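In: This is the structure alone, sequence omitted:
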């Protein structure tokens, strides 16, 4: 087993608060699961955003149009107990603030591509952002037309997180890669997490102590909300959010997270990786500027948001590159800045877990040569 822990942030981590930037996260780079101390474009069909459901969590028997309807990301947050330390955690976060100049902003840079049986698969050269046994090593379907997170194509020119996300429904697989980079004929890849779309994952996800393409060990895609969902007036799942590393409790995570990272630096009062926040039911929706913002807020009440990664811009949405609805006139990056940490409470998912006391143990799909 390869044990690796980087005690400094990844390139771009906590970098700036520019509304056009990606989440600049610590992602898997900040850590494999050690407990020691811690081409060109492929041939084939055009890509597109995976189809959005009708917004009701289980309208098609699916959670967020991907996983079985009983998956964690579509559970009713209001039905769960409030964490006994909720008031302390929320008070600390209210003082520390969100990232991006303490504004509750939205990142629209993520894309989810669609593959089918005709999409060519490509092997990749694992980089130092690939960790074993956390990450999977298999060929990845790469549509002919597509983009990485925050990029205009498949080349990672920004030195950002450059997530490559591909849904292959013909295989019932979700491929999520952190730090992907395709240059001419060479495909470089960081941590690849392959998710089985037929499986209802337990709280331990792909394995306790294991990271994924996101630092907390979560899948990214089911937590991204889309322009089509917002336009429909209903987001039927929880939402991904991030915080600066200094505002995340050091080395601690809580279910359903499976992982933390070295760069976290928050005290005992800070929220841990995996924390599940739900917007209070008495939140005054008139504080928000438009119906798009209120649609997101209702999802934050019904399903909440999970702390998935480290970075600056709090909430994560998909781009509208392939969606029917467009973000322009629907929802802007600053439309939720009226929401404060004190408007949330913490959902109780059980005890805190110490990442320094656990090692990732799982059977990965494949291994680099």
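Out: Right, received. Where do you want to start? The structure displayed is predicted, hence computed values, not measured ones.
In: where's residue 123 relative to residue 236, distance?
Out: Distance, residue 123 to residue 236, by C-beta to C-beta, to the nearest Å: 36 Å. Bear in mind the C-beta positions are built from the backbone N, C-alpha and C, glycine included.
In: higher neighbour count, the two?
Out: residue 236 (25 against 14; other C-beta atoms under 10 Å).
In: quick one: secondary structure of the more buried one?
Out: coil (DSSP: H, G, I helix; E, B strand; the rest coil).
In: what about it, distance to residue 276?
Out: Using C-beta to C-beta, residue 236 is found at 17 Å from residue 276.
In: Please apply the same query to residue 291.
Out: Taking C-beta to C-beta, one finds residue 291 at 25 Å from residue 276.
In: So between those two, which is more surrounded?
Out: Between residue 291 and residue 276, counting by other C-beta under 10 Å, residue 276 is the more crowded of the two (26 against 14).
In: which one is the more buried one nearest to, not counting chain neighbours?
Out: The shortest distance from residue 276 to any residue other than its chain neighbours is 4.0 Å, reached at residue 347 (C-beta to C-beta, 6 or more residues apart in numbering).
In: so how far is residue 119 from the one you found?
Out: With C-beta to C-beta as the criterion, residue 347 and residue 119 are 38 Å apart.
In: Then residue 278?
Out: For residue 278, the distance to residue 119 - C-beta to C-beta - is 38 Å.
In: same deal with residue 215?
Out: Counting by C-beta to C-beta, the gap from residue 215 to residue 119 is 28 Å.
In: More neighbours: these two, which one.
Out: Between residue 215 and residue 119, counted using other C-beta under 10 Å, residue 215 has the larger neighbour count: 34 against 23.
In: so residue 308 touches residue 242, yeah?
Out: Yes. Judged on C-beta atoms under 8 Å, residue 308 makes contact with residue 242 at a distance of 6.3 Å.
In: the helices in the stretch 1-150 of the chain, which residues?
Out: Ranges of helices within the stretch 1-150 of the chain are 86-96, 99-102, based on DSSP state H, counting those that start in this stretch.
In: Need those in a markdown table (columns: mean neighbour count, mean pLDDT and distance to residue 167).
Out: Below are those laid out as a markdown table (neighbours: other C-beta atoms under 10 Å; pLDDT from 0 to 100; distance: least, C-beta to C-beta, whole Å):
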| stretch | mean neighbour count | mean pLDDT | distance to residue 167 |
| --- | --- | --- | --- |
| helix 86-96 | 17 | 98 | 33 |
| helix 99-102 | 19 | 96 | 28 |
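In: could you dump those helices to TSV with distance to residue 321?
Out: Shown next, in TSV, are the helices of the stretch 1-150 of the chain (distance: least, C-beta to C-beta, whole Å):
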stretch	distance to residue 321
helix 86-96	33
helix 99-102	23
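In: Mind listing residues that contact the helix or strand of the chain with the lowest mean pLDDT?
Out: Across the helices and strands of the chain, mean pLDDT, DSSP states H and E gives its lowest value to strand 62-63, namely a mean of 92. Contact with strand 62-63 is made by 53, 57, 68, 69, 70, 71, 73, 74, 222, 236, 237, as judged by C-beta atoms under 8 Å, 6 or more residues apart in numbering.
In: ok, that strand: who's next to it in the sheet?
Out: strand 67-68 (antiparallel) (DSSP bridges).
In: what about the partner strand, average pLDDT?
Out: Across strand 67-68, pLDDT averages out at 96.
In: Number of residues surrounding residue 273?
Out: Residue 273 sits with 30 neighbouring residues when counted by other C-beta under 10 Å.
In: what's the nearest residue to it if we skip its chain neighbours?
Out: residue 253 (4.0 Å).
In: ok, that neighbour - contacts?
Out: Residues near residue 253 by C-beta under 8 Å, 6+ apart: 216, 259, 260, 272, 273, 274, 352, 353, 355.
In: Show me the shaky parts of the stretch 51-200 of the chain.
Out: Filtered on pLDDT under 70, the stretch 51-200 of the chain yields the residue ranges 51-60.
In: so how far is residue 241 from residue 313?
Out: Using C-beta to C-beta, we find residue 313 at a distance of 9 Å from residue 241.
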